[in-house]
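Colleague: show me the folded form of this:
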Amino acid sequence: MAADLPYQALQSMKRLILFLCLPGVAAAADWNFTERLSQTPEMKTHDETGKFSFLVRKYVPAYQRPTEYHNSSRLELLLRAGNIYLSLQDAIALALENNLDIEYHRYDRKQAETDQLRASAGQLLRFQSSTITAGFSSATSGALGAANSLGNIGGGSTTGQTGILSGFTIQAAGSQIPNLEPLFFASWQGTHNTNPLTSSLTTGTNYLVSSAKTLDYGIQKSFLSGTSVQADWYQQSLYQNAPANDINPSLKGNVEISIKQPLLQGFGWSTNKRTITQAKNNLSVADLNFKEQVMSTVKNVADLYWDLVSFDENLKVKKTALDLAQKLYEDNKKRVAAGAIAPIDIIQAEAGMQTAELDYRNAETQVLQQEAILKSALTRTGVDGANVLTSRIIPTDTIQLPDSEPVEPIQDKIAYALANRPELLQTKISLENARVNMKGVRNAMLPGLDVFVDLQNNGLSGQVNAVPIPPVLEGVIPPHDPATANQYFLGSYGTVYKQVFGRNFPNYSVGFNLTIPLRNSGARADMIKNELDYRQAQIQQKQQENTIKLSVVNTQIALEEARRAYDTAVKARKLQEQTFVGERRKYELGTSTFLNVVLLQRDVVTAQSAEVAALSSYIRARSNMDLVLGRILEVDNVDLQEAFEGAVKRPPSALPAVDKQPLGVAAPGVLAAPVKVPAVSALSSAPQAH
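Modeller: Purely as a prediction, here's the structure:
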């Protein structure tokens, strides 16, 4: 017992050391794993230009061109002296060429094409259309708010096959789809066996040694009818130490053709072709998914662009207000020095100037943040490049309002939206895919009844057995004499081939296999599940149609209200300006106070900002209407094929001759204000106080 104590103590110390070292070992293992993971190279793909590429092309990964992350040349053509002169059409063109959301969905069709390739081989489908990204959100007001909103991505809408009828659950249900690709197979085996025997009467020896070489090869192919055909060639060379064999070594061979045809489960072109039909439909789903992403991106870019225009106009309003406040402050300083007004007036004027400057700085920050967001939406590198980061965006388009809104019955708009919204078209295709798939599910409910035909021709040849007959078996086993041997079986594989193709030793078999599940619970459950899923999907389609109808109605209401709100804002701004002019005149005559003038001046600035905001709300409502109706690409002259190719043929707009002015100052002929913001000169000619 005492001798065991040092051993037990040693084991306890080992366990303690191991426990203490475990965290370090785990950390080292994790570090090594991370290092290995970071060093994993990309999979090597096949070189299509190799000398023997045609031999290995189908058995190695095909080359897929990596995504390029440099901006199109259009951006450089719009740059001048550190400014990007940008029209709405140029902004949309840049998005079609550079936007990464669109680039991501360019792979949708390629993904769907892989499903076509899989379906042609009789494999299950894997393509699922991906989520549509709404894009960037505009900057919010204020430095802190804009910083928090920069780069904020709006929520995406899920489309395509991502509902109840999508995924592998539906695809895997139903009768098995035959493998449609021809398959060559070959096997070779060499064996050496030694078997002790209880009697030598049959073989002539008490231990049988067999050395064999077997080769089996052939081809098999299945068809859309469910028919499967297999042609098989089998040959074997066998040597045994058996004196009783007449031929040793022997050569055997046979050719076998097997045909199997299902008559119930697994029968029919439409049943076995369903994945091919679905893969073809999925190409349309991929195209519609791409179209929807282009529509979403165009809408997002248009909103960002017009918001920048509105922010620029709002900045000019704030700049005008700041200039007026500064002028008022300077004028009041002179009047206080002259003793014409009370010192409190200069304090009020200074407070108003500081407030106006804060408003201006917030508006300036909002413009800068909006430009950064718009650059991220129009480029692949974001703001990485120095020329993009330091450049300023000058919108060259203005918001144009029609004299009156076109009259179009709401029923016509709803019908147009139901016929053109891509997500609704995708839903219809998904329902069609579900109906096609249910053919296979229904077919799986049938019993299994297969008929088969098997044709086989055999051949045998070899040499006269040279193994000596044991003395004890002489007289029992006849002697092996080449002269008396059956010459028909003497020879090589040529003799075997002659017998096989001469059909000297044929085998025939015909039959059927019948399998009847007595309850068939699994197949019935699958069919019920698919039908229930289909009914739910029909409900979802109806809900989607109702949602689109409601969206059209709500968007129409929003557009009408936005137009009325803008008209009201214009009238309110004009009335505020007239009120301010009257109050200023009263102040000049000494019948009003300085405070009243300042308050009315602020009201004028507020009305001007409200007019800019109302115009921005109107253009957003109009853009929403185009998106809801599914016509935004036509309105903005977007060619979907150009969008897919990532190259817009239309050249960039001509650059103006005037460079960008400081923030808040419009360059004549470059950035015309969408609303007329009058230059209010408050108290510029105020008289001495009486």
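Colleague: so where's this protein shaky on pLDDT?
Modeller: Applying pLDDT under 70 to the chain flags residues 1-41, 43-52, 141-172, 340-341, 385, 588, 657-690.
Colleague: just give the number of residues close to Tyr69.
Modeller: Residues contacting Tyr69 under the criterion other C-beta atoms under 10 Å number 12. To be clear about C-beta, it is placed using only N, CA and C from the backbone, and glycine gets the same treatment.
Colleague: where do the strands sit along this protein?
Modeller: 79-80, 83-86, 135-136, 153-154, 183-196, 207-222, 228-240, 247-262, 392-395, 448-464, 505-515 (DSSP state E).
Colleague: out of these, nearest to Tyr360?
Modeller: strand 392-395 (17.1 Å; C-beta to C-beta).
Colleague: hmm, what's the outermost residue in the chain?
Modeller: No residue in the chain sits farther from the centre than Gly475, which is 83.7 Å out by C-alpha atoms, centre = their mean.
Colleague: roughly how far does Ile469 sit from Ile92?
Modeller: Noted for Ile469: a distance of 97 Å to Ile92, by C-beta to C-beta, to the nearest Å.
Colleague: check contacts around the closest residue to Glu292 other than its chain neighbours.
Modeller: Nearest non-adjacent residue to Glu292, counting by C-beta to C-beta, 6 or more residues apart in numbering: Pro422, 4.3 Å away. Contact analysis of Pro422 by C-beta atoms under 8 Å, 6 or more residues apart in numbering lists Thr159, Leu288, Asn289, Lys291, Glu292, Met295, Gly630.
Colleague: so which pair among the residues you listed is furthest apart in space?
Modeller: Longest span within the contacts of Pro422, C-beta to C-beta: Asn289 and Gly630, 14.0 Å.
Colleague: who has more neighbours out of those two?
Modeller: Asn289 (26 against 22).
Colleague: the more buried one and Gln111 touch, don't they?
Modeller: No - counting by C-beta atoms under 8 Å, Asn289 does not reach Gln111; the two are 9.9 Å apart.
Colleague: tell me what the top helix by length along the chain is packed against?
Modeller: Using DSSP state H to define each element, the chain has its longest helix at helix 521-588. If you count contacts as 3 or more C-beta pairs under 8 Å, 6 or more residues apart in numbering; DSSP states H and E, helix 521-588 packs onto helix 410-420, helix 422-443, helix 594-629.
Colleague: among those helices, which comes closest to Ile393?
Modeller: helix 594-629 (16.6 Å).
Colleague: may I see the buried residues of the closest one?
Modeller: 594, 597-598, 600-605, 607-629 (16 or more other C-beta atoms under 10 Å).
Colleague: from Tyr508, how far off is Ser258?
Modeller: Ser258 is 12 Å from Tyr508, where distance means C-beta to C-beta.
Colleague: ok, those two, which is more surrounded?
Modeller: Each of Ser258 and Tyr508 has its neighbours counted (other C-beta under 10 Å); Ser258 has more, 17 against 8.
Colleague: which residues does that one bridge with?
Modeller: Judged by DSSP bridges, the bridge partners of Ser258 are Gln230, Asp454.
Colleague: that one contacts Thr227, correct?
Modeller: No - the pair Ser258 and Thr227 fails to qualify as a contact (C-beta under 8 Å) at a distance of 11.1 Å.
Colleague: contacts for stretch 477-485, please.
Modeller: Residues outside stretch 477-485 that contact it (C-beta under 8 Å, 6+ apart): Gly204, Pro243, Ala244, Asp246, Ile247, Val464, Asn465, Ala466, Ile469, Leu490.
Colleague: the same query, at a cut-off of 6 Å, please.
Modeller: Gly204, Pro243, Ala244, Val464, Asn465, Ile469 (C-beta atoms under 6 Å, 6 or more residues apart in numbering).
Colleague: just flag the most distant two among the residues you listed.
Modeller: Using C-beta to C-beta, the two most remote members of the contacts of stretch 477-485 are Gly204 and Val464, lying 14.6 Å apart.
Colleague: which of those two has more residues huddled nearby?
Modeller: For Gly204 versus Val464, neighbours defined as other C-beta under 10 Å are more numerous around Gly204 (23 against 17).
Colleague: excluding covalently adjacent residues, which one is nearest to the more buried one?
Modeller: Pro243 (3.4 Å).
Colleague: roughly how far apart are the one you found and Val472?
Modeller: Pro243 is 11 Å from Val472, by C-beta to C-beta.
Colleague: before we move on, what about Lys221?
Modeller: 55 Å.
Colleague: what's the answer for Leu455, then?
Modeller: Going from Leu455 to Val472 by C-beta to C-beta gives 45 Å.
Colleague: same check on Pro395?
Modeller: From Pro395 to Val472 the distance is 112 Å (C-beta to C-beta).
Colleague: compare those two (neighbour count), which wins?
Modeller: Neighbour totals were compared for Pro395 and Val472, and Pro395 leads with 25 against 9 (other C-beta under 10 Å).
Colleague: quick check: bridge partners of the more buried one?
Modeller: Where Pro395 sits in a bridge, its partners, by DSSP bridges, are Leu86.
Colleague: that one against Val309, yeah?
Modeller: Yes - in this structure Pro395 lies within contact range of Val309 using C-beta atoms under 6 Å: 4.8 Å.
Colleague: show me the contacts for Met353.
Modeller: With C-beta under 6 Å, 6+ apart, Met353 has these contacts: Ala325, Gln326, Tyr329.
Colleague: got these as a markdown table, with distance to Thr198 and neighbour count columns?
Modeller: Formatted as a markdown table, these follow (distance: C-beta to C-beta, whole Å; neighbours: other C-beta atoms under 10 Å):
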| residue | distance to Thr198 | neighbour count |
| --- | --- | --- |
| Ala325 | 120 | 26 |
| Gln326 | 121 | 16 |
| Tyr329 | 124 | 20 |
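Colleague: out of these, which is nearest to Gln116?
Modeller: When the contacts of Met353 are compared against Gln116 (criterion: C-beta to C-beta), the nearest one is Ala325, at 67.6 Å.
Colleague: isn't the closest one right next to Ala351, touching?
Modeller: No - using C-beta under 6 Å, Ala325 is not in contact with Ala351, being 9.4 Å away.
Colleague: gap between the closest residue to Tyr416 other than its chain neighbours and Gly253?
Modeller: Residue nearest to Tyr416 in three dimensions, not counting chain neighbours: Leu629, with 5.5 Å by C-beta to C-beta, 6+ apart. For Leu629, the distance to Gly253 equals 73 Å [C-beta to C-beta].
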